[in-house]
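Based on what follows, work out the 3D shape:
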Amino acid sequence: MRVTPRLVVGIVLVLVGAVWIGQGVGAIGGSFMTGNAIWAVIGAVAVFFGLSLVAGARRDRGGPRD
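This is a model prediction of the structure:
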């Protein structure tokens, strides 16, 4: 699988979203986001879009275009 910008952005969104979820539910401390549930929701949305981008990058094998 080639490393495409879509794949990189997707992976970054998944990682950042996971951190936001952790901060939103209070599992990761030390931020203004800690314990604020809206950040868990925003993180879940980021993870969803990140996984969508990764799935799209995996589907697009980069073969010849017509």
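
Val16 contacts Val45, correct?
No. In this structure, Val16 is not within contact of Val45 by CB atoms under 8 Å, at 11.2 Å. Glycine gets a C-beta too; all of them are placed from N, C-alpha and C.

for the chain, longest helix please?
The residue-count maximum for a helix in the chain (DSSP state H) belongs to helix 37-59.

List the buried residues of that one.
Going by neighbour count (16 or more other CB atoms under 10 Å), the buried part of helix 37-59 is 39-40, 42-43, 46-47, 50, 53-54, 57.

now swap in stretch 23-38 and tell me
23-24, 33, 36.

quick one: which of those residues is nearest to Ile11?
Closest approach to Ile11 among those (CB to CB): Gln23, at 19.1 Å.

Within the helices and strands, which one has that closest one?
With secondary structure defined by DSSP states H and E, Gln23 is part of helix 5-24.

taking the mean pLDDT, what do you get for that helix?
Average pLDDT, helix 5-24: 95.

Repeat that for stretch 37-45.
For stretch 37-45, the per-residue pLDDT averages 96.

ok, of the buried residues of stretch 23-38, which one's closest to Arg2?
Using CB to CB, Gln23 is the member of the buried residues of stretch 23-38 that lies nearest Arg2, at 32.7 Å.

Quick one: residues contacting the closest one.
Contact analysis of Gln23 by CB atoms under 8 Å, 6 or more residues apart in numbering lists 29, 31, 33-34, 36, 39-40, 43.

Repeat that for Met33.
By CB under 8 Å, 6+ apart, the contact list for Met33 reads 20, 23-24, 39.

Ile28 now?
19, 22, 34.

a markdown table please, covering those and showing distance to Arg2.
A markdown table is the format used below for these (distance: CB to CB, whole Å):
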| residue | distance to Arg2 |
| --- | --- |
| Val19 | 27 |
| Gly22 | 31 |
| Thr34 | 38 |
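
Turn the buried residues of stretch 23-38 into JSON lines, including distance to Val9.
Below are those laid out as JSON lines (distance: CB to CB, whole Å):
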{"residue": "Gln23", "distance to Val9": "21"}
{"residue": "Gly24", "distance to Val9": "21"}
{"residue": "Met33", "distance to Val9": "21"}
{"residue": "Asn36", "distance to Val9": "25"}
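
Nice, that's everything, thank you.
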